[in-house]
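Student: How does the following fold in three dimensions:
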Amino acid sequence: MTYFWVEFTKAELGTTYYTSLPYLLVHVTGESTTWTVASTATCTYGGSSVPLVVEAPVSPFSDVSLTLAVMTVVTGDDDPSENITPDGTTITFSTTVTSGVLSFDCGSALSTVTTP
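Tutor: Numbering: from 1, shown residues only. Sure thing, here's the model as predicted:
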């Protein structure tokens, strides 16, 4: 755990602004952060899922990317990802990107497996 004193300034066209603002104490830790994403979603046959909004629990992050993917199953096991196609979106979090939306398309046939 480390503390840093930072100050804010703004330079625009050679002129510096906001130089008299007080210092700000910033606390930086190396602790793990828990990310929470939706555990269920629904969609209509041949349609798309409801938007799955994902937000960074603490900002800024610059080393986290999230992508929706189907499960890999062992041959013969039930496939809860059957007839689901992720849209391929990857959310790469940064100091300016703190949230994003993931979704998937649903097939037009009933899956052979019903999962809660």
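Student: Assign a three-state SS to the spatially most central residue of the chain, would you?
Tutor: With distances taken as CA atoms, centre = their mean, the residue of the chain nearest its centroid is residue 54 (4.1 Å). Here residue 54 is strand, with the state taken from DSSP: H, G, I helix; E, B strand; the rest coil.
Student: Run through the bridge partners of it.
Tutor: Beta-bridge partners for residue 54, by DSSP bridges, are residue 100.
Student: what about residue 38, neighbour count?
Tutor: 13 (other CB atoms under 10 Å). Placement of C-beta: from N, CA and C, glycine included.
Student: Make 36 the first number, not 1, from now on.
Tutor: Right, with 36 as the first residue, what we last looked at is residue 73.
Student: Distance-wise, check the closest residue to it other than its chain neighbours relative to residue 74.
Tutor: Closest residue to residue 73 apart from its sequence neighbours, by CB to CB, 6 or more residues apart in numbering: residue 87 at 4.9 Å. Computed as CB to CB, to the nearest Å, the residue 87 to residue 74 distance reads 10 Å.
Student: next one: residue 97
Tutor: For residue 97, the distance to residue 74 equals 26 Å [CB to CB].
Student: rewinding a little: does the residue nearest to the centre of the chain touch residue 136 like I think?
Tutor: Yes: using CB atoms under 8 Å, residue 89 is in contact with residue 136, at 7.4 Å.
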